[in-house]
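**Student:** Structure of the sequence below:
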Amino acid sequence: MNKRSFIGGLIIGAVAALFIVPLLIKFSAQTMLFKQVVSPYSFEKTVNLITQRISKQPGWHVVTVINQEEEIKKYGGPDVGKVAIIKFCNAKYAGKMLSDDDTKFMAVKMPLSIAVYENSKGVVKISLMNGYLLTRLLSGTKEAKIMEHVVRDIQSILGFVHFRYSIF
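**Tutor:** This next block holds a predicted model:
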């Protein structure tokens, strides 16, 4: 390899790193950060099924179910249609996470949330943060080890829609 080829390669690599990689991240951020799956059931049945499955999963409980449609209307917002946010927690995992000062910052993501909504076409969808991606980004840390258990349990809770975490 001559000096000219080496410099050309460096320039192409720098351009890719500065422009192409950020664009790829920008356009894939929605699918990377959030996961959505279509529910085969009605809105109400989907919310009930998820809350039941959370309660049956060892250690997990539903903290609350927020009727986001009512909350928005109550405070002067527009009608957004059916939207429920299921807040849930596992005391064992939350206790491990919050009892250590190094991992206490994860409280911002507690309790966990799963949203169920019906879009304008009447399709019921389930959405949640991509816990798997966060686990991969924090790999090797205390919080990632706890989150691996959480990710596994959430996949089990959403098993009725064949939900699996992935990077994309």
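**Student:** what bridges to the residue nearest the centre of the chain?
**Tutor:** The centroid of the chain falls nearest to Met129 when counting by C-alpha atoms, centre = their mean (1.0 Å). In this entry, Met129 is beta-bridged to Phe34, by DSSP bridges.
**Student:** Go ahead and confirm it touches Lys109.
**Tutor:** Yes: assessed by C-beta atoms under 8 Å, Met129 is found in contact with Lys109 at 7.5 Å. In short, each C-beta sits where N, CA and C put it, glycine included.
**Student:** Check which helix or strand His61 maps to.
**Tutor:** Here His61 sits within strand 60-67, counting by DSSP states H and E.
**Student:** where in this protein is pLDDT low?
**Tutor:** Applying pLDDT under 70 to the chain flags residues 167-168.
**Student:** neighbours around the nearest residue to Lys104 once chain neighbours are set aside, how many?
**Tutor:** Ranked by C-beta to C-beta, 6 or more residues apart in numbering and with sequence neighbours excluded, the top spatial neighbour of Lys104 is Leu98, at 5.5 Å. Per other C-beta atoms under 10 Å, the neighbour tally for Leu98 reads 14.
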